[in-house]
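# after the sequence you'll find the predicted model.
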Protein chains: 2
Amino acid sequence: MVASIELAADGLSENTVDSVIPGRFVLRSARGRAIHASLLTAILDHRLAPGMRLPEDEIGALFGASRTIARDALQALAHEGLVTIEANRGAFVAHPTPAEARHVFEARFLLEPRMAALAAERATAEDVARLRAHALEEHEALHARDNRRAIFLSGTFHGLIADIAAQPVLAGFVREVVSRSSLIVALFWRRQDTTCERHAHEALVDAIERHDAKGASGVMESHLVDLFSGLDLSERAVRPASLAELIGPGQG
Amino acid sequence: MVASIELAADGLSENTVDSVIPGRFVLRSARGRAIHASLLTAILDHRLAPGMRLPEDEIGALFGASRTIARDALQALAHEGLVTIEANRGAFVAHPTPAEARHVFEARFLLEPRMAALAAERATAEDVARLRAHALEEHEALHARDNRRAIFLSGTFHGLIADIAAQPVLAGFVREVVSRSSLIVALFWRRQDTTCERHAHEALVDAIERHDAKGASGVMESHLVDLFSGLDLSERAVRPASLAELIGPGQG
DNA sequence: ACGCGCCAGATCGTATACAATCTATGTTTT
DNA sequence: AAAACATAGATTGTATACGATCTGGCGCGT
(Lines give C-alpha, C1' and ligand atoms only; values in the text may rest on other atoms or scores of the structure.)
Protein backbone atom coordinates (compact mmCIF):
# COMPACT_ATOMS: atom_id res chain seq x y z
CA MET A 1 0.00 0.00 0.00
CA VAL A 2 1.49 3.16 -1.22
CA ALA A 3 -0.81 5.59 0.50
CA SER A 4 1.10 5.23 3.74
CA ILE A 5 4.00 7.05 2.15
CA GLU A 6 3.90 10.80 2.06
CA LEU A 7 3.69 11.71 -1.57
CA ALA A 8 1.96 15.03 -1.47
CA ALA A 9 3.91 17.90 -2.95
CA ASP A 10 3.91 20.17 0.09
CA GLY A 11 6.87 18.40 1.63
CA LEU A 12 9.22 19.44 -1.14
CA SER A 13 10.64 22.78 -2.09
CA GLU A 14 9.70 23.60 -5.65
CA ASN A 15 13.27 24.49 -6.58
CA THR A 16 14.73 21.14 -5.80
CA VAL A 17 11.93 19.37 -7.59
CA ASP A 18 12.34 21.43 -10.73
CA SER A 19 16.00 20.61 -10.87
CA VAL A 20 15.17 16.96 -11.38
CA ILE A 21 12.42 17.26 -13.93
CA PRO A 22 13.37 16.69 -17.55
CA GLY A 23 13.21 19.72 -19.77
CA ARG A 24 11.19 18.39 -22.66
CA PHE A 25 7.71 17.84 -21.35
CA VAL A 26 5.30 15.24 -22.34
CA LEU A 27 2.63 15.53 -19.67
CA ARG A 28 -0.04 18.08 -20.44
CA SER A 29 -2.02 18.41 -17.25
CA ALA A 30 -0.75 20.14 -14.14
CA ARG A 31 -1.92 17.22 -12.02
CA GLY A 32 -0.09 14.78 -14.22
CA ARG A 33 3.09 16.73 -13.75
CA ALA A 34 2.49 16.88 -10.01
CA ILE A 35 2.14 13.12 -9.84
CA HIS A 36 5.25 12.70 -11.92
CA ALA A 37 7.26 15.08 -9.76
CA SER A 38 6.08 13.55 -6.50
CA LEU A 39 6.77 9.98 -7.52
CA LEU A 40 10.11 11.02 -8.96
CA THR A 41 11.33 12.71 -5.81
CA ALA A 42 9.92 9.92 -3.67
CA ILE A 43 11.97 7.44 -5.68
CA LEU A 44 15.07 9.62 -5.64
CA ASP A 45 15.15 9.99 -1.90
CA HIS A 46 14.32 6.35 -1.24
CA ARG A 47 10.87 6.76 0.20
CA LEU A 48 9.57 4.42 -2.49
CA ALA A 49 11.51 1.18 -2.54
CA PRO A 50 12.35 -0.75 -5.72
CA GLY A 51 9.65 -3.24 -6.65
CA MET A 52 6.86 -1.44 -4.82
CA ARG A 53 3.45 -1.51 -6.49
CA LEU A 54 2.01 1.70 -7.89
CA PRO A 55 -1.72 1.14 -8.45
CA GLU A 56 -3.31 3.62 -10.79
CA ASP A 57 -6.41 4.10 -8.64
CA GLU A 58 -4.57 4.88 -5.50
CA ILE A 59 -2.10 7.27 -7.11
CA GLY A 60 -4.84 9.10 -8.93
CA ALA A 61 -6.90 9.39 -5.77
CA LEU A 62 -3.93 10.82 -3.86
CA PHE A 63 -3.88 13.76 -6.23
CA GLY A 64 -7.59 14.06 -6.86
CA ALA A 65 -7.25 12.81 -10.41
CA SER A 66 -8.64 9.92 -12.37
CA ARG A 67 -6.71 6.88 -13.49
CA THR A 68 -6.28 8.50 -16.90
CA ILE A 69 -3.94 11.11 -15.46
CA ALA A 70 -2.14 8.67 -13.20
CA ARG A 71 -1.51 6.36 -16.15
CA ASP A 72 0.09 9.13 -18.16
CA ALA A 73 2.43 10.00 -15.32
CA LEU A 74 3.36 6.35 -14.81
CA GLN A 75 4.04 5.94 -18.49
CA ALA A 76 6.36 8.94 -18.40
CA LEU A 77 8.25 7.45 -15.47
CA ALA A 78 8.46 4.12 -17.27
CA HIS A 79 10.11 5.89 -20.16
CA GLU A 80 12.73 7.26 -17.81
CA GLY A 81 13.47 3.76 -16.55
CA LEU A 82 12.22 4.45 -13.03
CA VAL A 83 9.01 2.45 -13.28
CA THR A 84 8.33 -0.91 -14.83
CA ILE A 85 4.99 -1.65 -16.45
CA GLU A 86 3.78 -5.21 -16.75
CA ALA A 87 0.81 -5.87 -18.99
CA ASN A 88 -2.38 -6.56 -17.05
CA ARG A 89 -0.45 -6.33 -13.80
CA GLY A 90 0.30 -2.67 -13.46
CA ALA A 91 3.18 -0.41 -12.60
CA PHE A 92 5.99 -1.00 -10.11
CA VAL A 93 8.96 1.00 -8.96
CA ALA A 94 11.79 -0.36 -11.11
CA HIS A 95 13.97 -3.05 -9.59
CA PRO A 96 17.24 -3.01 -11.56
CA THR A 97 19.32 -6.15 -11.86
CA PRO A 98 23.08 -6.10 -11.29
CA ALA A 99 23.56 -6.21 -15.05
CA GLU A 100 21.36 -3.15 -15.51
CA ALA A 101 23.25 -1.41 -12.75
CA ARG A 102 26.49 -2.01 -14.61
CA HIS A 103 25.03 -0.67 -17.83
CA VAL A 104 23.79 2.46 -16.13
CA PHE A 105 27.20 3.12 -14.64
CA GLU A 106 28.96 2.40 -17.92
CA ALA A 107 26.82 5.16 -19.40
CA ARG A 108 27.74 7.48 -16.55
CA PHE A 109 31.44 6.76 -17.07
CA LEU A 110 31.15 7.87 -20.65
CA LEU A 111 28.88 10.86 -20.15
CA GLU A 112 29.74 12.54 -16.91
CA PRO A 113 33.49 13.14 -17.11
CA ARG A 114 32.88 14.91 -20.39
CA MET A 115 30.09 16.96 -18.86
CA ALA A 116 32.37 17.96 -16.00
CA ALA A 117 35.05 19.07 -18.45
CA LEU A 118 32.57 21.14 -20.45
CA ALA A 119 31.17 22.64 -17.27
CA ALA A 120 34.68 23.66 -16.24
CA GLU A 121 35.17 25.39 -19.56
CA ARG A 122 31.88 27.23 -19.51
CA ALA A 123 30.98 27.90 -15.90
CA THR A 124 30.24 31.51 -15.01
CA ALA A 125 30.72 32.97 -11.55
CA GLU A 126 27.01 32.51 -10.89
CA ASP A 127 27.21 28.85 -11.90
CA VAL A 128 30.01 28.29 -9.43
CA ALA A 129 28.07 30.11 -6.73
CA ARG A 130 25.07 27.87 -7.37
CA LEU A 131 27.22 24.77 -7.15
CA ARG A 132 28.79 25.97 -3.90
CA ALA A 133 25.39 26.67 -2.41
CA HIS A 134 24.28 23.22 -3.43
CA ALA A 135 27.36 21.59 -1.90
CA LEU A 136 26.69 23.50 1.29
CA GLU A 137 23.12 22.21 1.39
CA GLU A 138 24.46 18.70 1.01
CA HIS A 139 26.86 19.33 3.85
CA GLU A 140 24.06 20.54 6.08
CA ALA A 141 21.83 17.62 5.23
CA LEU A 142 24.60 15.20 6.13
CA HIS A 143 25.30 17.05 9.36
CA ALA A 144 21.63 16.94 10.27
CA ARG A 145 21.62 13.21 9.56
CA ASP A 146 18.89 13.84 7.01
CA ASN A 147 19.91 10.96 4.81
CA ARG A 148 17.02 11.26 2.42
CA ARG A 149 17.72 14.83 1.63
CA ALA A 150 21.44 14.12 1.38
CA ILE A 151 20.97 11.34 -1.13
CA PHE A 152 18.51 13.43 -3.10
CA LEU A 153 20.84 16.41 -3.26
CA SER A 154 23.84 14.35 -4.23
CA GLY A 155 21.87 13.25 -7.29
CA THR A 156 20.70 16.70 -8.31
CA PHE A 157 24.30 17.93 -8.03
CA HIS A 158 25.20 15.85 -11.06
CA GLY A 159 22.23 17.28 -12.92
CA LEU A 160 23.38 20.82 -12.16
CA ILE A 161 26.78 20.12 -13.66
CA ALA A 162 25.17 18.73 -16.77
CA ASP A 163 23.15 21.93 -17.08
CA ILE A 164 26.24 24.08 -16.87
CA ALA A 165 27.80 22.07 -19.68
CA ALA A 166 25.02 23.60 -21.81
CA GLN A 167 24.22 20.47 -23.79
CA PRO A 168 20.53 19.89 -23.22
CA VAL A 169 20.34 16.53 -24.96
CA LEU A 170 23.22 15.06 -23.01
CA ALA A 171 21.97 16.69 -19.82
CA GLY A 172 18.70 14.82 -20.25
CA PHE A 173 20.58 11.56 -20.60
CA VAL A 174 22.62 12.34 -17.49
CA ARG A 175 19.47 13.05 -15.51
CA GLU A 176 18.08 9.70 -16.53
CA VAL A 177 21.12 7.67 -15.51
CA VAL A 178 21.52 9.62 -12.29
CA SER A 179 17.91 8.97 -11.36
CA ARG A 180 18.27 5.30 -12.10
CA SER A 181 21.41 5.24 -9.98
CA SER A 182 19.27 6.20 -7.04
CA LEU A 183 17.37 2.92 -7.35
CA ILE A 184 20.65 1.07 -7.81
CA VAL A 185 22.05 2.58 -4.63
CA ALA A 186 18.88 1.65 -2.79
CA LEU A 187 19.36 -1.96 -3.79
CA PHE A 188 23.10 -2.52 -3.85
CA TRP A 189 24.80 0.01 -1.57
CA ARG A 190 26.94 -1.71 1.01
CA ARG A 191 29.04 1.06 2.49
CA GLN A 192 28.12 3.55 5.15
CA ASP A 193 30.48 6.45 4.83
CA THR A 194 29.43 9.12 2.38
CA THR A 195 32.11 11.57 3.42
CA CYS A 196 34.33 10.74 0.44
CA GLU A 197 31.45 11.76 -1.74
CA ARG A 198 31.08 15.16 -0.19
CA HIS A 199 34.77 15.82 -0.65
CA ALA A 200 34.49 14.73 -4.26
CA HIS A 201 31.71 17.22 -4.91
CA GLU A 202 33.74 20.00 -3.36
CA ALA A 203 36.81 19.06 -5.35
CA LEU A 204 34.63 19.13 -8.46
CA VAL A 205 33.44 22.65 -7.74
CA ASP A 206 37.04 23.73 -7.15
CA ALA A 207 38.20 22.34 -10.49
CA ILE A 208 35.25 23.94 -12.26
CA GLU A 209 35.97 27.29 -10.64
CA ARG A 210 39.59 27.06 -11.88
CA HIS A 211 38.23 26.25 -15.37
CA ASP A 212 40.37 23.14 -15.15
CA ALA A 213 38.62 20.85 -17.63
CA LYS A 214 41.08 17.97 -17.35
CA GLY A 215 40.99 18.16 -13.58
CA ALA A 216 37.20 18.26 -13.40
CA SER A 217 36.97 15.31 -15.74
CA GLY A 218 39.44 13.35 -13.62
CA VAL A 219 37.70 14.15 -10.35
CA MET A 220 34.37 13.14 -11.82
CA GLU A 221 35.77 9.88 -13.08
CA SER A 222 37.31 8.89 -9.76
CA HIS A 223 34.14 9.99 -8.00
CA LEU A 224 32.17 7.59 -10.19
CA VAL A 225 34.71 4.85 -9.52
CA ASP A 226 34.17 5.47 -5.83
CA LEU A 227 30.41 5.28 -6.15
CA PHE A 228 30.53 2.17 -8.29
CA SER A 229 32.95 0.37 -6.02
CA GLY A 230 30.60 1.06 -3.14
CA LEU A 231 28.07 -1.29 -4.75
CA ASP A 232 27.81 -5.00 -4.19
CA LEU A 233 26.64 -6.37 -7.51
CA SER A 234 27.30 -10.02 -6.74
CA GLU A 235 24.39 -12.33 -7.36
CA ARG A 236 24.10 -12.85 -3.65
CA ALA A 237 22.94 -9.27 -3.34
CA VAL A 238 19.97 -9.56 -5.66
CA ARG A 239 18.50 -12.66 -4.13
CA PRO A 240 18.72 -12.44 -0.35
CA ALA A 241 20.10 -15.94 -0.07
CA SER A 242 17.52 -18.52 0.87
CA LEU A 243 14.65 -18.23 3.23
CA ALA A 244 16.46 -20.63 5.54
CA GLU A 245 19.49 -18.34 5.64
CA LEU A 246 17.33 -15.33 6.41
CA ILE A 247 15.42 -16.93 9.23
CA GLY A 248 18.21 -19.13 10.49
CA PRO A 249 17.82 -22.71 11.68
CA GLY A 250 18.48 -22.09 15.36
CA GLN A 251 17.87 -18.48 16.29
CA GLY A 252 14.09 -18.01 15.98
CA MET B 1 -4.42 15.46 -43.39
CA VAL B 2 -2.32 12.53 -42.41
CA ALA B 3 -4.52 9.79 -43.79
CA SER B 4 -3.20 10.33 -47.27
CA ILE B 5 0.14 8.91 -46.18
CA GLU B 6 0.54 5.19 -46.11
CA LEU B 7 1.05 4.29 -42.48
CA ALA B 8 -0.14 0.74 -42.35
CA ALA B 9 2.41 -1.81 -41.24
CA ASP B 10 2.29 -4.12 -44.25
CA GLY B 11 4.71 -2.01 -46.25
CA LEU B 12 7.59 -2.70 -43.88
CA SER B 13 9.53 -5.84 -43.13
CA GLU B 14 9.23 -6.70 -39.48
CA ASN B 15 12.99 -7.05 -39.07
CA THR B 16 13.83 -3.55 -40.04
CA VAL B 17 11.09 -2.15 -37.87
CA ASP B 18 12.25 -4.05 -34.83
CA SER B 19 15.74 -2.74 -35.23
CA VAL B 20 14.49 0.78 -34.59
CA ILE B 21 12.21 0.16 -31.67
CA PRO B 22 13.61 0.88 -28.23
CA GLY B 23 14.17 -2.14 -26.07
CA ARG B 24 12.48 -1.08 -22.89
CA PHE B 25 8.79 -0.96 -23.68
CA VAL B 26 6.24 1.27 -22.27
CA LEU B 27 3.26 0.61 -24.51
CA ARG B 28 1.12 -2.29 -23.38
CA SER B 29 -1.26 -2.90 -26.21
CA ALA B 30 -0.27 -4.46 -29.51
CA ARG B 31 -2.13 -1.77 -31.40
CA GLY B 32 -0.35 0.94 -29.47
CA ARG B 33 2.98 -0.58 -30.45
CA ALA B 34 1.83 -0.85 -34.06
CA ILE B 35 0.96 2.85 -34.12
CA HIS B 36 4.27 3.70 -32.52
CA ALA B 37 6.22 1.58 -34.99
CA SER B 38 4.37 2.91 -38.02
CA LEU B 39 4.72 6.55 -37.09
CA LEU B 40 8.36 5.97 -36.17
CA THR B 41 9.30 4.43 -39.49
CA ALA B 42 7.22 6.99 -41.36
CA ILE B 43 9.19 9.74 -39.66
CA LEU B 44 12.53 7.99 -40.17
CA ASP B 45 12.08 7.60 -43.90
CA HIS B 46 10.68 11.10 -44.37
CA ARG B 47 7.13 10.19 -45.29
CA LEU B 48 5.95 12.36 -42.42
CA ALA B 49 7.42 15.84 -42.61
CA PRO B 50 8.45 17.90 -39.58
CA GLY B 51 5.62 20.01 -38.20
CA MET B 52 2.85 17.83 -39.60
CA ARG B 53 -0.24 17.49 -37.45
CA LEU B 54 -1.01 14.12 -35.88
CA PRO B 55 -4.67 14.19 -34.77
CA GLU B 56 -5.54 11.53 -32.24
CA ASP B 57 -8.83 10.61 -33.92
CA GLU B 58 -7.39 10.08 -37.31
CA ILE B 59 -4.42 8.05 -36.13
CA GLY B 60 -6.56 5.87 -33.92
CA ALA B 61 -9.03 5.28 -36.75
CA LEU B 62 -6.21 4.26 -39.10
CA PHE B 63 -5.40 1.38 -36.80
CA GLY B 64 -8.89 0.58 -35.61
CA ALA B 65 -8.19 1.90 -32.14
CA SER B 66 -9.66 4.60 -29.96
CA ARG B 67 -8.00 7.87 -29.10
CA THR B 68 -6.83 6.35 -25.83
CA ILE B 69 -4.41 4.07 -27.63
CA ALA B 70 -3.32 6.71 -30.10
CA ARG B 71 -2.58 9.11 -27.25
CA ASP B 72 -0.33 6.60 -25.54
CA ALA B 73 1.65 6.03 -28.72
CA LEU B 74 1.99 9.76 -29.32
CA GLN B 75 3.17 10.28 -25.77
CA ALA B 76 5.84 7.63 -26.26
CA LEU B 77 7.04 9.33 -29.42
CA ALA B 78 7.06 12.67 -27.63
CA HIS B 79 9.36 11.16 -25.04
CA GLU B 80 11.75 10.14 -27.78
CA GLY B 81 11.80 13.68 -29.11
CA LEU B 82 10.15 12.81 -32.40
CA VAL B 83 6.78 14.34 -31.63
CA THR B 84 5.91 17.60 -29.95
CA ILE B 85 2.79 17.91 -27.84
CA GLU B 86 1.17 21.28 -27.29
CA ALA B 87 -1.47 21.56 -24.61
CA ASN B 88 -5.01 21.76 -26.03
CA ARG B 89 -3.58 21.79 -29.54
CA GLY B 90 -2.41 18.26 -30.06
CA ALA B 91 0.59 16.39 -31.38
CA PHE B 92 2.87 17.33 -34.26
CA VAL B 93 5.87 15.75 -35.89
CA ALA B 94 8.79 17.48 -34.17
CA HIS B 95 10.33 20.43 -35.96
CA PRO B 96 13.82 20.87 -34.52
CA THR B 97 15.48 24.27 -34.51
CA PRO B 98 19.07 24.74 -35.65
CA ALA B 99 20.10 24.94 -32.00
CA GLU B 100 18.45 21.62 -31.24
CA ALA B 101 20.11 20.12 -34.29
CA ARG B 102 23.48 21.18 -32.94
CA HIS B 103 22.72 19.69 -29.53
CA VAL B 104 21.69 16.39 -31.05
CA PHE B 105 24.88 16.20 -33.05
CA GLU B 106 27.00 17.18 -30.07
CA ALA B 107 25.52 14.17 -28.31
CA ARG B 108 26.29 11.97 -31.29
CA PHE B 109 29.89 13.18 -31.34
CA LEU B 110 30.31 12.09 -27.75
CA LEU B 111 28.42 8.81 -27.92
CA GLU B 112 28.99 7.23 -31.28
CA PRO B 113 32.79 7.15 -31.67
CA ARG B 114 32.92 5.35 -28.35
CA MET B 115 30.24 2.93 -29.45
CA ALA B 116 32.18 2.22 -32.62
CA ALA B 117 35.32 1.51 -30.62
CA LEU B 118 33.48 -0.86 -28.29
CA ALA B 119 31.83 -2.57 -31.24
CA ALA B 120 35.25 -3.11 -32.80
CA GLU B 121 36.48 -4.72 -29.60
CA ARG B 122 33.50 -6.99 -29.17
CA ALA B 123 32.15 -7.82 -32.59
CA THR B 124 31.80 -11.51 -33.40
CA ALA B 125 31.94 -12.94 -36.90
CA GLU B 126 28.15 -12.99 -36.98
CA ASP B 127 28.00 -9.33 -35.98
CA VAL B 128 30.30 -8.43 -38.85
CA ALA B 129 28.22 -10.51 -41.24
CA ARG B 130 25.08 -8.71 -40.14
CA LEU B 131 26.73 -5.33 -40.65
CA ARG B 132 27.93 -6.37 -44.11
CA ALA B 133 24.47 -7.54 -45.07
CA HIS B 134 23.07 -4.25 -43.88
CA ALA B 135 25.63 -2.24 -45.83
CA LEU B 136 24.74 -4.28 -48.90
CA GLU B 137 21.07 -3.46 -48.44
CA GLU B 138 21.96 0.21 -48.27
CA HIS B 139 23.96 -0.15 -51.43
CA GLU B 140 21.04 -1.76 -53.21
CA ALA B 141 18.58 0.85 -52.01
CA LEU B 142 20.83 3.61 -53.31
CA HIS B 143 21.28 1.82 -56.60
CA ALA B 144 17.52 1.41 -56.97
CA ARG B 145 17.10 5.12 -56.24
CA ASP B 146 14.91 4.16 -53.29
CA ASN B 147 15.87 7.19 -51.26
CA ARG B 148 13.42 6.54 -48.47
CA ARG B 149 14.72 3.10 -47.83
CA ALA B 150 18.31 4.31 -48.11
CA ILE B 151 17.85 7.04 -45.54
CA PHE B 152 16.02 4.66 -43.24
CA LEU B 153 18.73 2.03 -43.46
CA SER B 154 21.55 4.48 -42.93
CA GLY B 155 19.93 5.35 -39.62
CA THR B 156 19.42 1.80 -38.45
CA PHE B 157 23.05 1.05 -39.28
CA HIS B 158 24.12 3.26 -36.41
CA GLY B 159 21.69 1.47 -34.13
CA LEU B 160 23.18 -1.88 -35.09
CA ILE B 161 26.65 -0.71 -34.11
CA ALA B 162 25.34 0.47 -30.78
CA ASP B 163 23.85 -2.96 -30.21
CA ILE B 164 27.15 -4.67 -30.90
CA ALA B 165 28.82 -2.44 -28.34
CA ALA B 166 26.64 -4.30 -25.82
CA GLN B 167 25.73 -1.29 -23.72
CA PRO B 168 21.96 -1.23 -23.73
CA VAL B 169 21.56 2.08 -21.95
CA LEU B 170 23.90 3.91 -24.30
CA ALA B 171 22.40 2.09 -27.27
CA GLY B 172 19.01 3.50 -26.33
CA PHE B 173 20.46 6.99 -26.24
CA VAL B 174 22.09 6.46 -29.62
CA ARG B 175 18.81 5.31 -31.12
CA GLU B 176 17.14 8.45 -29.87
CA VAL B 177 19.69 10.86 -31.32
CA VAL B 178 19.86 8.95 -34.59
CA SER B 179 16.08 9.10 -34.94
CA ARG B 180 16.05 12.79 -34.23
CA SER B 181 18.80 13.24 -36.80
CA SER B 182 16.38 11.98 -39.39
CA LEU B 183 14.13 14.97 -38.77
CA ILE B 184 17.16 17.25 -38.79
CA VAL B 185 18.24 15.91 -42.16
CA ALA B 186 14.73 16.37 -43.50
CA LEU B 187 14.86 20.03 -42.53
CA PHE B 188 18.45 21.11 -43.06
CA TRP B 189 20.11 18.81 -45.57
CA ARG B 190 21.58 20.76 -48.44
CA ARG B 191 23.78 18.28 -50.25
CA GLN B 192 22.80 15.65 -52.76
CA ASP B 193 25.55 13.10 -52.84
CA THR B 194 25.28 10.35 -50.28
CA THR B 195 28.08 8.28 -51.72
CA CYS B 196 30.60 9.44 -49.13
CA GLU B 197 28.25 8.08 -46.52
CA ARG B 198 28.13 4.64 -48.03
CA HIS B 199 31.90 4.50 -48.14
CA ALA B 200 32.04 5.58 -44.53
CA HIS B 201 29.75 2.75 -43.49
CA GLU B 202 31.86 0.25 -45.34
CA ALA B 203 35.06 1.62 -43.83
CA LEU B 204 33.41 1.30 -40.43
CA VAL B 205 32.61 -2.36 -41.00
CA ASP B 206 36.19 -2.95 -42.14
CA ALA B 207 37.65 -1.39 -38.99
CA ILE B 208 35.24 -3.35 -36.81
CA GLU B 209 36.16 -6.58 -38.57
CA ARG B 210 39.87 -5.85 -37.88
CA HIS B 211 38.97 -5.19 -34.22
CA ASP B 212 40.58 -1.84 -34.73
CA ALA B 213 38.95 0.23 -31.98
CA LYS B 214 40.93 3.42 -32.61
CA GLY B 215 40.28 3.15 -36.32
CA ALA B 216 36.56 2.55 -35.93
CA SER B 217 36.29 5.47 -33.56
CA GLY B 218 38.11 7.72 -36.01
CA VAL B 219 36.03 6.65 -38.98
CA MET B 220 32.85 7.22 -37.01
CA GLU B 221 33.96 10.66 -35.96
CA SER B 222 34.82 11.80 -39.45
CA HIS B 223 31.60 10.26 -40.73
CA LEU B 224 29.68 12.40 -38.24
CA VAL B 225 31.69 15.46 -39.26
CA ASP B 226 30.68 14.73 -42.83
CA LEU B 227 27.03 14.40 -41.95
CA PHE B 228 27.04 17.52 -39.83
CA SER B 229 28.81 19.62 -42.42
CA GLY B 230 26.16 18.58 -44.91
CA LEU B 231 23.60 20.57 -42.93
CA ASP B 232 22.74 24.20 -43.42
CA LEU B 233 21.91 25.46 -39.94
CA SER B 234 21.85 29.14 -40.79
CA GLU B 235 18.77 31.01 -39.72
CA ARG B 236 17.77 31.41 -43.34
CA ALA B 237 17.19 27.67 -43.51
CA VAL B 238 14.65 27.51 -40.73
CA ARG B 239 12.24 30.11 -42.09
CA PRO B 240 11.57 29.51 -45.78
CA ALA B 241 11.72 33.16 -46.59
CA SER B 242 8.34 34.81 -46.97
CA LEU B 243 5.18 33.60 -48.58
CA ALA B 244 5.73 36.13 -51.35
CA GLU B 245 9.14 34.66 -52.08
CA LEU B 246 7.74 31.16 -52.18
CA ILE B 247 4.92 31.95 -54.57
CA GLY B 248 6.70 34.59 -56.55
CA PRO B 249 5.14 37.82 -57.78
CA GLY B 250 5.29 37.08 -61.47
CA GLN B 251 5.31 33.39 -62.19
CA GLY B 252 1.84 32.19 -61.23
C1' DA C 1 -2.49 -33.37 4.76
C1' DC C 2 -1.61 -31.97 0.27
C1' DG C 3 -2.77 -30.50 -4.30
C1' DC C 4 -6.12 -28.98 -7.59
C1' DG C 5 -9.76 -26.17 -9.35
C1' DC C 6 -13.14 -22.66 -8.68
C1' DC C 7 -14.87 -18.25 -7.30
C1' DA C 8 -14.78 -13.39 -5.64
C1' DG C 9 -12.42 -9.20 -5.26
C1' DA C 10 -9.25 -6.19 -7.08
C1' DT C 11 -6.92 -4.10 -10.83
C1' DC C 12 -6.01 -3.17 -15.48
C1' DG C 13 -7.42 -2.30 -20.75
C1' DT C 14 -10.21 0.27 -23.72
C1' DA C 15 -13.96 2.81 -25.54
C1' DT C 16 -16.87 6.42 -25.11
C1' DA C 17 -19.28 10.58 -23.33
C1' DC C 18 -19.18 15.22 -22.22
C1' DA C 19 -16.81 19.47 -21.08
C1' DA C 20 -13.16 22.73 -22.20
C1' DT C 21 -10.42 24.82 -25.56
C1' DC C 22 -8.90 26.24 -29.88
C1' DT C 23 -9.35 27.68 -34.94
C1' DA C 24 -11.44 29.52 -38.65
C1' DT C 25 -15.06 31.76 -40.80
C1' DG C 26 -18.29 35.33 -41.19
C1' DT C 27 -20.38 39.46 -39.18
C1' DT C 28 -20.51 43.77 -37.11
C1' DT C 29 -18.50 48.10 -36.00
C1' DT C 30 -15.67 52.08 -36.68
C1' DA D 1 -11.87 48.67 -45.91
C1' DA D 2 -9.72 47.15 -41.73
C1' DA D 3 -10.13 45.59 -37.13
C1' DA D 4 -12.58 43.66 -33.46
C1' DC D 5 -15.92 40.43 -32.25
C1' DA D 6 -19.03 36.43 -32.28
C1' DT D 7 -20.18 31.92 -33.38
C1' DA D 8 -19.80 27.08 -35.22
C1' DG D 9 -17.04 23.22 -36.00
C1' DA D 10 -13.27 20.55 -34.86
C1' DT D 11 -10.07 18.71 -31.55
C1' DT D 12 -8.30 17.92 -27.16
C1' DG D 13 -8.81 16.99 -21.74
C1' DT D 14 -10.73 14.08 -18.36
C1' DA D 15 -13.77 11.06 -16.05
C1' DT D 16 -16.16 7.07 -16.02
C1' DA D 17 -18.26 2.65 -17.44
C1' DC D 18 -17.73 -2.00 -18.60
C1' DG D 19 -15.28 -6.01 -20.00
C1' DA D 20 -10.92 -8.70 -19.47
C1' DT D 21 -7.37 -10.43 -16.67
C1' DC D 22 -5.04 -11.46 -12.62
C1' DT D 23 -4.55 -12.74 -7.51
C1' DG D 24 -5.53 -14.99 -3.49
C1' DG D 25 -8.39 -17.81 -0.74
C1' DC D 26 -11.67 -21.35 -0.04
C1' DG D 27 -13.51 -25.84 -0.64
C1' DC D 28 -13.29 -30.14 -2.74
C1' DG D 29 -11.25 -34.48 -3.84
C1' DT D 30 -7.67 -37.70 -3.45
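Yep, it's here.
# quick one: residues contacting the closest residue to residue A:70 other than its chain neighbours.
Closest residue to residue A:70 apart from its sequence neighbours, by C-beta to C-beta, 6 or more residues apart in numbering or on different chains: residue A:60 at 3.8 Å. C-beta: built from backbone N, CA, C; applies to glycine. Shown here is residue A:60, whose contacts under the criterion C-beta atoms under 8 Å, 6 or more residues apart in numbering or on different chains are A:35, A:66, A:67, A:68, A:69, A:70.
# how about residue A:46?
A:148, A:151, A:182, A:185, A:186.
# follow-up on the earlier one: element containing the residue nearest to residue A:70?
helix A:56-62 (DSSP states H and E).
# which regions of the stretch 51-200 of chain A sit below the pLDDT cut-off?
Regions of the stretch 51-200 of chain A meeting the criterion pLDDT under 70 cover residues A:192-196.
# enumerate the residues of it near DNA strand C.
Applying the criterion C-beta under 7 Å from any atom of the strand, the portion of the stretch 51-200 of chain A that neighbours DNA strand C consists of A:54-57, A:67-68, A:71, A:85, A:87-91.
# any of the residues you listed buried? List them.
Among those, those classed as buried by neighbour count (16 or more other C-beta atoms under 10 Å in any protein chain shown) are A:54, A:55, A:56, A:71, A:85, A:91.
# of the residues you listed, which pair is most distant in space?
Comparing all pairs in those by C-beta to C-beta, the longest separation belongs to A:55 and A:85, at 12.3 Å.
# residue ranges of the helices in chain A, please?
Using DSSP state H, the helices of chain A run over A:14-18, A:30-44, A:56-62, A:67-79, A:98-122, A:125-143, A:147-164, A:168-188, A:195-209, A:213-229, A:235-238, A:243-247.
# TSV for the ones you listed, including distance to residue B:228?
What follows is the helices of chain A, written out as TSV (distance: least, C-beta to C-beta, whole Å):
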stretch	distance to residue B:228
helix A:14-18	32
helix A:30-44	34
helix A:56-62	43
helix A:67-79	28
helix A:98-122	18
helix A:125-143	27
helix A:147-164	22
helix A:168-188	14
helix A:195-209	28
helix A:213-229	22
helix A:235-238	42
helix A:243-247	56
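# for residue B:161, find the nearest of the ones you listed.
Distance to residue B:161, taken as C-beta to C-beta, is lowest for helix A:98-122 among those, at 14.9 Å.
# which strands or helices does that closest one pack on?
helix A:147-164, helix A:168-188, helix A:195-209, helix A:213-229, helix A:235-238, helix B:98-122, helix B:168-188 (3 or more C-beta pairs under 8 Å, 6 or more residues apart in numbering or on different chains; DSSP states H and E).
# list the buried ones in the fourth one?
What that stands for is helix A:213-229. Of the residues in helix A:213-229, those scored as buried under the neighbour-count criterion (16+ other C-beta under 10 Å) are A:213, A:215, A:216, A:217, A:218, A:219, A:220, A:221, A:223, A:224, A:227, A:228.
# equivalent analysis for the third one, please.
Neighbour-count burial for helix A:195-209 flags A:197, A:198, A:200, A:201, A:202, A:203, A:204, A:205, A:206, A:207, A:208, A:209 (criterion: 16+ other C-beta under 10 Å).
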